[in-house]
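**Q** Task: produce atomic coordinates for the following.
(one chain, ligands or ions: 1)
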Amino acid sequence: MREIVILGSTGSIGVQALEVIAANPEIFKVVALAAGGGNIPTLIAQAEKFGVKVIGVSQGGAQARELAQGIEVIDGPMAATEIASIPCDIVLNGITGSIGLGPTLAALAVGNKVALANKESLVAGGDLVSAFGLDRIIPVDSEHSALYQCFMAGSRGEVKRAILTASGGAFRDKQDLSSVTLAEALAHPTWSMGPVVTINSATLVNKGLEIIEAHYLFNLPYEQIDAVIHPQSVIHSMVEFVDGATIAQLSPPNMKGPIAYAMGTPHRTARATSAVDWTQPHSWTFAPIDESRFPAINLARHCGKLGGGLPAVFNAANEVAVASFMSGEIPFTSIIEVVAGTAAKLEALSGSIMRDLVDVSAIEEDARQVARSLVLEKR
Ligand code: MG
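**A** Purely as a prediction, here's the structure:
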C-alpha cells in the first residue's frame, strides 16, 4: 500500500489524483490533504470519503474546524508545508504558483518523494530543489512525465536532445493577438486545466516554464531542450538519441496518466487512462513554434540561461501579468511585454545566489513590484 499526501487537493490535479486513488484502493491510501481554502466543503468531503485524519488549509481554518468532525485541521500560511512534512511514500504537489516551492522543499527535507505537478517549484527554486538530488522527484507535468519515460530508452550520455510538445494553446492559428478576450484565452483546445495554466498555455509561457523545468529536472543544458507545436496533444514529448532514433510517449490528453505514473512508479497503474484507439484513423502533426507571435519561449530560455534569480523573476512577473490580464487591466499581448520588461530591469539578479526560501521570496517580491509598475504604465 502506497501512502500518499496530496497538496492542492481541490484543484484540477488534486481532484484527478483522488479519482485515480479511488479507482485503485488496493494500491494507494491517502494520509493527508492540503488546499488553499477557497473550497472548504469539497476538501472536507474528500477527507471523509478517503478516511483522512489530517488536513491543512492556508485560509478558512475556522470554517474547516466547524465542518470537520474528527479530523485534525492545520491552518495558516505554513499549512501545506506542514502537511508536506508528514512522512509518507509520496507527496503529490498539485499547488499552482511559486507558493508550492516551500512545501516541495519541506517534503524533500524529511525524505519524502515528490510527485511534482508544481512546475514553479523548479522554476523559482531550481537550485534549492536540485540540491536534494533529483532521484526523489517524479514529474507530473505531462511533457516531463513523457521525457522521464523516454529517457529510459538509452543512457544519459546517448541523449542528443529532449523535445517538448506544445499544443499551441488557444491562439495557435490566430495571427493578431492584440484584442483577444479572457474568455477566448480560457478556451483551451485539448487540455482541461486551471485558469492560470490555461492562460499560460495561450501565451506559451507555460512551455517556457516547462523548458526551465526540464533543465533542472533532468540536468540538461538549454541547448539540448527544444519545443515543437503538436496540436493534437497525443505525443507528450520525445527524446532524440545520438544514433538518430527518437523515442516518444503517447496517450490521449488526460492528466490521469502522468498522475498515476508519478504516484505508482516504478509500477504502472492499470487503466489509469485510456490508450490510443488504433481501430480509428489518426493524423498527428508537428510544426515549429512561431517565435515572433510567441516570444515567451525565447524569453524563458534567455532567463533560464542567465540563471540565478532570473527564472524566479520570469515566473513572478508572469503571475502578476496574468492576474492583471484576468482582471482586465492589460491586454493579452501585454502579458509577455510586462514579463520581458521586468526581466530586463532585473537582469542583475542573474548573479544572485539563492540559499533558502527567504532569498527566493525577496527576488519574487522585487519582480512583482517591477511588474506591477509596468502594468500601471500600460493601463
Ligand atoms: Mg505541461
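
**Q** Find the closest residue to the ion in the stretch 151-300 of the chain.
**A** In the stretch 151-300 of the chain, the residue that lies nearest the ion is Glu210 (5.5 Å; CB to the ion). (Each C-beta comes from the backbone N, C-alpha and C, glycine too.)

**Q** What's the local residue count around that residue?
**A** By other CB atoms under 10 Å, the residues close to Glu210 number 30.

**Q** sec struct for it, please.
**A** helix (DSSP: H, G, I helix; E, B strand; the rest coil).

**Q** So it versus Asp226, what's the distance?
**A** Using CB to CB, to the nearest Å, one obtains 12 Å as the distance from Glu210 to Asp226.

**Q** thought the residue of the stretch 151-300 of the chain closest to the ion was touching Ile163?
**A** No - contact status for Glu210 versus Ile163: not in contact, 11.6 Å apart, counting by CB atoms under 8 Å.

**Q** which neighbours do these two share?
**A** Common contacts of Glu210 and Ile163 (CB atoms under 8 Å, 6 or more residues apart in numbering): Ala227.

**Q** Which single residue of the protein approaches the ion most closely?
**A** Counting by CB to the ion, the chain gets nearest the ion through Asp141, at 4.2 Å.

**Q** Please name the spatially closest residue to Ala340 (chain neighbours excluded).
**A** Leu299 (5.5 Å; CB to CB, 6 or more residues apart in numbering).

**Q** Make sure the one you found is actually in contact with Phe314.
**A** Yes - taking CB under 8 Å as the definition, Leu299 is a contact partner of Phe314 at 7.0 Å.

**Q** Looking at the two, which one has more neighbours?
**A** Each of Leu299 and Phe314 has its neighbours counted (other CB under 10 Å); Phe314 has more, 28 against 21.

**Q** Make sure I have this right: that one is in a strand.
**A** No - under three-state DSSP, Phe314 falls outside any strand and is assigned helix.

**Q** Run a quick neighbour tally on the closest residue to it other than its chain neighbours.
**A** Distance criterion CB to CB, 6+ apart; nearest residue to Phe314, sequence neighbours excluded, is Cys303 at 4.1 Å. When neighbours are defined as other CB under 10 Å, Cys303 has 30 of them.

**Q** confidence score at the nearest residue to Pro253 once chain neighbours are set aside?
**A** The shortest distance from Pro253 to any non-neighbouring residue, by CB to CB, 6+ apart, is to Ser233 (4.2 Å). With respect to pLDDT, Ser233 has a value of 95.

**Q** Going forward, count from 38.
**A** In the new count, where the first residue is 38, that last one comes out as Ser270.

**Q** wait, Ser270 sits on Thr227?
**A** Yes - judged on CB under 8 Å, Ser270 makes contact with Thr227 at a distance of 4.0 Å.

**Q** Pull out the buried residues from the one helix or strand Glu180 maps to.
**A** Glu180 is part of helix 179-187 when elements are defined by DSSP states H and E. By neighbour count, with 16 or more other CB atoms under 10 Å as the criterion, the buried positions of helix 179-187 are 179-187.

**Q** As JSON lines, these with pLDDT would be great.
**A** Listed next are these as JSON lines, based on pLDDT from 0 to 100:
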{"residue": "Ser179", "pLDDT": "96"}
{"residue": "Glu180", "pLDDT": "98"}
{"residue": "His181", "pLDDT": "98"}
{"residue": "Ser182", "pLDDT": "98"}
{"residue": "Ala183", "pLDDT": "98"}
{"residue": "Leu184", "pLDDT": "98"}
{"residue": "Tyr185", "pLDDT": "98"}
{"residue": "Gln186", "pLDDT": "98"}
{"residue": "Cys187", "pLDDT": "98"}
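
**Q** I'd like those residues laid out as a markdown table, including distance to Ala101.
**A** Compiled in a markdown table, these are given as follows (distance: CB to CB, whole Å):
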| residue | distance to Ala101 |
| --- | --- |
| Ser179 | 32 |
| Glu180 | 35 |
| His181 | 33 |
| Ser182 | 32 |
| Ala183 | 37 |
| Leu184 | 38 |
| Tyr185 | 35 |
| Gln186 | 38 |
| Cys187 | 42 |
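
**Q** So which of the residues you listed is the closest to Phe65?
**A** Within the buried residues of helix 179-187, distances to Phe65 taken as CB to CB reach their minimum at Ser182, with 17.1 Å.

**Q** my guess is the closest one contacts Lys156, does it?
**A** No - the criterion here is CB under 8 Å, and Ser182 misses it with Lys156 at 11.9 Å.

**Q** Doesn't Asn355 lie inside a strand?
**A** No - going by three-state DSSP, the assignment for Asn355 is helix, not a strand.
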